[in-house]
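Participant: task: produce atomic coordinates for the following.
(2 chains)
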Amino acid sequence: DAKTTQPPSMDCAEGRAANLPCNHSTISGNEYVYWYRQIHSQGPQYIIHGLKNNETNEMASLIITEDRKSSTLILPHATLRDTAVYYCIVRVAGGETSGSRLTFGEGTQLTVNP
Amino acid sequence: GAVVSQHPSRVICKSGTSVKIECRSLDFQATTMFWYRQFPKQSLMLMATSNEGSKATYEQGVEKDKFLINHASLTLSTLTVTSAHPEDSSFYICSAREVGNTGELFFGEGSRLTVL
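Facilitator: This next block holds a predicted model:
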């Protein structure tokens, strides 16, 4: 799995958009970009994933650059409950069991301030 | 989304005893489950991959005789920490992939083990 680089921490005002960057310059053509978050003392929660097109769901939007070497997770209207560690992970989706492994980096601690 | 449940959520045990943690997929079948360990202020570390009906695959540096994994059915995997010591105190998290699902993995709520 390709390695990712994220800033260790970010702050965001409540109600504003939170834009979390991730660099994955060694990503392979068949690797997806996944985003998970972990609220303190809970298991990680899936947010979104994508291959090369931008994706949007009820939680967030994922913007992947054309060269796929970086991406941005956007929380359009951050709330206090969005305070968590956000992990950007690249991996091959599905298929053989080895392709389902998730290797977590250090992630970004997002703090949403009132 | 699919639900993965872990039990117990918290356990305290004496040094030298064994502790079993269960991971259940409640509304889907999982051929593969993963076990992670997380120490305070650190990221999740993959310990092993649990495959239904076969032996688990352990990551380098993880003692298979100390962390026994059993995946006897498509909805249940167990992790047994044998002869636990204080350094085994950690947050243990499982995740599961649905049969035929090529998308996200679903995580349990985690189990916090404290060894006295």
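Participant: what does chain B put close to chain A?
Facilitator: Proximity of chain B to chain A is confined to B:1, B:4, B:6, B:31-32, B:34, B:36, B:43-46, B:49, B:51, B:91, B:93, B:95, B:97, B:101-110, B:112 under the rule Cβ under 8 Å from any Cβ of the partner chain. Every C-beta, even on glycine, is put in place using the N, C-alpha and C of the backbone.
Participant: using the three-state scheme, assign the residue nearest the centre of chain A.
Facilitator: A centroid search over chain A (Cα atoms, centre = their mean) returns A:Trp35, at 3.0 Å, as the residue closest to the centre. With DSSP: H, G, I helix; E, B strand; the rest coil as the basis, A:Trp35 sits in strand.
Participant: dump the residue contacts of the spatially most central residue of chain B.
Facilitator: In chain B, the residue lying closest to the centroid (Cα atoms, centre = their mean) is B:Trp35, at 3.7 Å. Going by Cβ atoms under 8 Å, 6 or more residues apart in numbering or on different chains, B:Trp35 touches B:23, B:46-48, B:50, B:67, B:69, B:77, B:79, B:92-94.
Participant: out of the residues you listed, which are inside helices?
Facilitator: Using DSSP state H, the subset of the contacts of B:Trp35 located in helices is empty.
Participant: top of the residues you listed by neighbour count?
Facilitator: With neighbours defined as other Cβ atoms under 10 Å in any protein chain shown, the most crowded of the contacts of B:Trp35 is B:Cys94; it has 31 neighbours.
Participant: that residue reaches B:Phe34, doesn't it?
Facilitator: Yes. With contact defined as Cβ atoms under 8 Å, B:Cys94 and B:Phe34 form a contacting pair (6.6 Å).
Participant: for chain B, what spans make up the strands?
Facilitator: B:4-7, B:10-13, B:19-25, B:30-38, B:45-51, B:57-58, B:67-73, B:76-81, B:90-98, B:106-107, B:111-115 (DSSP state E).
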